[in-house]
Every structure is written in structure tokens, then in C-alpha cells.
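Participant: Requesting a structural model of the entry that follows:
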Amino acid sequence: MNATPSLSVTSVDIATNNDYRVPVRWLPAADARANLVLMAALGVAARFYLPLATALRDAGFNVALVEQRGHGDSSLRPSRETDYGFRDALVDDIPAVIDWLGEQAPGLRCLLMGHSLGGHYAAITAGRLPEHVQGVILVACGSPWVGGFTGRIRRQLQLLVRLIPLSGALLGYYPGDKLGFGGREARTLMNDWRALAQTNVYSAFGLNADLDAGIAAFTGPVLSLRLADDPFAPEAAMAAVTGKFQSAPVTRAVIDAQELGDDADHFRWARTPAAIVRRVQQWHAQQFAD
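Facilitator: Numbering: from 1, shown residues only. This next block holds a predicted model:
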């Protein structure tokens with residue numbers, strides 16, 4: 001592990017089962033009530049979530065803020081030669097972070113919190129590793145399933161479904177930074193995302209497992225927070241995710257602009273996170289009687 005402390009945030013590189021090391025920002029709480037793994041949306045660097053991570057830390061959660069492959073401090077950048085998909089995050093990166101977090105603060109429950117794509121990873125990981133995950137928090141996490149949308153967003157999704165394999169074949173990666181959706185992403189990751197958009201069934205190239213069945217069997221509590229004015233995660237799209245938790249108690253709430261103190265869209269909540277953190281605190285207190 002390579003650690004460089006900076007005030008109350010420490011940057012660490014966590015070894016995985018292969019040669020890759022996951023960059024993580026570690027924010028330990030003074031008197032932690034739980035460990036929390038925080039995961040980003042598609043194309044978003046971890047530093048974007050530092051206000052949220054800091055607020056969660058101040059609320060009593062040890063926070064491991066995970067950098068996704070290909071962004072921010074990650075050593076990887078997608079290209080024809082550098083490719084990866086959902087499997088790499090689910091099999092290598094996230095389990096390594098969970099194990100590391102358990103070593104840093106043993107004996108505390110582990111919560112997974114994810115925004116958009118990070119929420120999908122949280123849901124799948126809870127299903128795959130239920131013995132290590134005690135709760136899931138989904139924020140603005142709607143399935144990209146075309147059936148969950150109408151109008152302009154539905155048409156844009158249908159166009160993306162056609163563009164993703166084409167861009168992968170021509171360029172070797174997905175140029176989301178040029179197309180206005182996501183960032184520069186690995187072709188296999190976007191093909192995994194495309195399959196979800198077409199079917200609303202979780203799958204990962206190279207991982208032979210029924211991921212939805214694992215989620216259906218998970219029994220820990222789930223909190224799903226929808227932003228009232230978020231066109232990318234409307235009610236139907238979020239229901240397509242929470243509906244997969246067939247055995248878990250799911251708490252659903254909608255955060256509007258008045259409660260947030262800002263536009264209640266897909267991203268601004270992470271910059272003004274007080275309302276989100278209050279909801280997480282309330283849910284945690286209700287679900288876990290320490």
C-alpha cells in the first residue's frame with residue numbers, strides 16, 4: 001500500500017488480484033459507526049465527491065472513496081490496447097477495497113454507496129458478497145434500460161445503444177467526452193452498460209453468474225434516493241433497479257430542490273450533500289440499532 005496523507009484525507013493505492021492498484025481516498029471518522037465504500041458515476045472522477053465524502057465522514061462514517069478505472073488518479077486510460085469492463089470492478093477492485101477497509105476498521109458493518117453506475121456496482125456487489133455487505137445506498141441510480149424512459153432521453157439512449165459497438169470497433173474505446181455522455185470509457189465496460197440498457201438484466205463480460213439472482217437474495221436494508229428533477233434517473237428507471245431487491249427492505253425517498261438547497265438534478269447533490277447525508281443518517285439509525 002502506498003499512502004500519502006493530506007490533512008484529513010489520505011490517498012492510498014490498494015492492490016488487487018492482478019497488477020492493477022485501485023486509487024482510494026480514505027476519510028476515517030473520529031468515532032465511526034460504520035465503514036462506507038463510496039463509488040462514482042460513469043465518467044466522473046473521485047475528487048468530485050470529496051464534499052460528500054467529507055460530510056459523510058463528519059457524520060460518523062469511515063469513507064473509502066473509490067476511483068473508477070480510467071478516471072482521475074487511475075493509472076489506466078481506455079484505448080484499443082487498454083480495455084476492461086464491469087467484471088474488473090466487480091471481481092478485482094471493489095472486493096479489494098472492502099477487504100482493505102475491513103482491515104483498517106475491523107468489526108464495523110460495511111455499507112456500499114453508489115451514484116448512478118456506482119449504485120449498480122453496489123447492488124451487484126451486495127448480491128455477490130452478502131457476507132461482507134450489510135447495507136446499500138443508491139443515489140440517482142436508475143437503470144439505463146430504454147423501457148424506463150420516454151421522449152428525448154429514450155431517443156438518446158436508443159442512439160447510444162447503436163453508437164457504442166460502432167465506436168468500439170472504430171476507435172477501440174468509447175469517446176463519451178466527445179459525445180456528451182460519460183467520459184472516455186473502455187469498450188467492454190460500455191458494452192456491459194449497453195446490455196443493461198437493452199434488457200435491464202445485469203451481466204458482465206467474462207463473469208459467468210446470475211447477478212440479478214444474487215441481488216434478489218440479498219436481505220440487508222437498501223436506501224434509494226431519487227433527485228426530483230433528474231432526467232437520467234426518473235422514478236421508472238430507479239424502480240427498475242430497486243425492484244431487483246426482492247428480499248431486502250427498501251426505503252425510497254425523493255429529494256427536491258427545496259430540501260437540497262440547489263437544483264435537484266443528477267449531479268449537483270454531490271456538491272451540496274447535507275440533505276443526502278441527513279437522509280443516510282436517518283436511514284442508518286432506523287435500520288441499525290447499535
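Participant: rest of the way, CA atoms for contacts and neighbours
Facilitator: Fine.
Participant: Run through the strands of the stretch 51-200 of the chain in chain order.
Facilitator: For the stretch 51-200 of the chain, the strands defined by DSSP state E, counting those that start in this stretch cover 61-66, 110-115, 135-139, 173-175, 184-186.
Participant: What are the contacting residues of stretch 247-266?
Facilitator: Contacting residues not belonging to stretch 247-266 are listed as 140, 216-233, 242, 268-269, 272-276, 283 [Cα atoms under 8 Å, 6 or more residues apart in numbering].
Participant: typo on my end, it should be stretch 91-102
Facilitator: The list of residues contacting stretch 91-102 from outside it, by Cα under 8 Å, 6+ apart, reads 14-18, 21-22, 35, 37, 64, 66, 108, 110, 125, 132.
Participant: Farthest pair within the residues you listed?
Facilitator: Taking Cα to Cα as the measure, those span a maximum distance of 27.2 Å, between Asn18 and Leu108.
Participant: Give me the more crowded residue out of these two.
Facilitator: A count of neighbours by other Cα atoms under 10 Å puts Leu108 above the other of Asn18 and Leu108, at 16 against 9.
Participant: would you say Val37 is within a helix?
Facilitator: No - residue assignment for Val37, taken from DSSP: H, G, I helix; E, B strand; the rest coil, gives strand, which places it outside any helix.
Participant: tell me the contacts of it?
Facilitator: Shown here is Val37, whose contacts under the criterion Cα under 8 Å, 6+ apart are 63-66, 97-98, 110-113.
Participant: okay, how far is it across stretch 239-258, tip to tip?
Facilitator: The first residue of stretch 239-258 is 23 Å away from its last residue (Cα to Cα, to the nearest Å).
Participant: Which positions within it qualify as buried?
Facilitator: By neighbour count on 16 or more other Cα atoms under 10 Å, the buried set for stretch 239-258 is 239-242, 244-245, 248, 250, 255-256.
Participant: ok, back up a step: just name the closest of the contacts of stretch 91-102 to Asp210, please.
Facilitator: Sorting the contacts of stretch 91-102 by how near they are to Asp210, with Cα to Cα, puts Thr125 at the top with 12.1 Å.
Participant: That closest one is in contact with Phe86, isn't it?
Facilitator: No - with the criterion set as Cα atoms under 8 Å, Thr125 and Phe86 do not qualify as a contacting pair; they are 11.0 Å apart.
Participant: Mind listing residues that contact the lengthiest helix in the chain?
Facilitator: For the chain, the helix with the greatest residue count under DSSP state H is helix 151-171. Counting by Cα under 8 Å, 6+ apart, helix 151-171 makes contact with 79-80, 144, 146-147, 173-175, 187, 190-191, 194, 197-198, 231-232, all of which sit outside it.
Participant: centre of the chain versus that helix, how much separation?
Facilitator: Taking Cα atoms, centre = their mean, to the nearest Å, one finds the center of helix 151-171 at 22 Å from the center of the full chain.
Participant: could you give the mean pLDDT of that helix?
Facilitator: Over the span of helix 151-171, the pLDDT mean works out to 95.
Participant: Can I get that helix as CSV, trimmed to CA atoms?
Facilitator: Output for helix 151-171, consisting of C-alpha atoms alone and laid out as CSV, is shown next (Å, rounded to 0.1, in the frame of the first residue of the first chain):
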residue,chain,number,x,y,z
GLY,A,151,-39.3,11.2,-25.0
ARG,A,152,-35.9,12.8,-25.7
ILE,A,153,-33.9,10.7,-23.2
ARG,A,154,-35.4,7.5,-24.6
ARG,A,155,-34.3,8.5,-28.1
GLN,A,156,-30.8,9.4,-26.9
LEU,A,157,-30.5,6.0,-25.2
GLN,A,158,-31.6,4.3,-28.4
LEU,A,159,-28.9,6.2,-30.3
LEU,A,160,-26.3,5.4,-27.7
VAL,A,161,-27.1,1.7,-28.0
ARG,A,162,-26.3,1.9,-31.7
LEU,A,163,-23.2,4.0,-31.3
ILE,A,164,-21.4,2.1,-28.6
PRO,A,165,-20.4,-1.0,-30.6
LEU,A,166,-19.6,1.2,-33.6
SER,A,167,-17.2,3.4,-31.6
GLY,A,168,-15.6,0.4,-30.0
ALA,A,169,-14.9,-1.1,-33.4
LEU,A,170,-13.6,2.1,-35.0
LEU,A,171,-11.6,3.6,-32.1
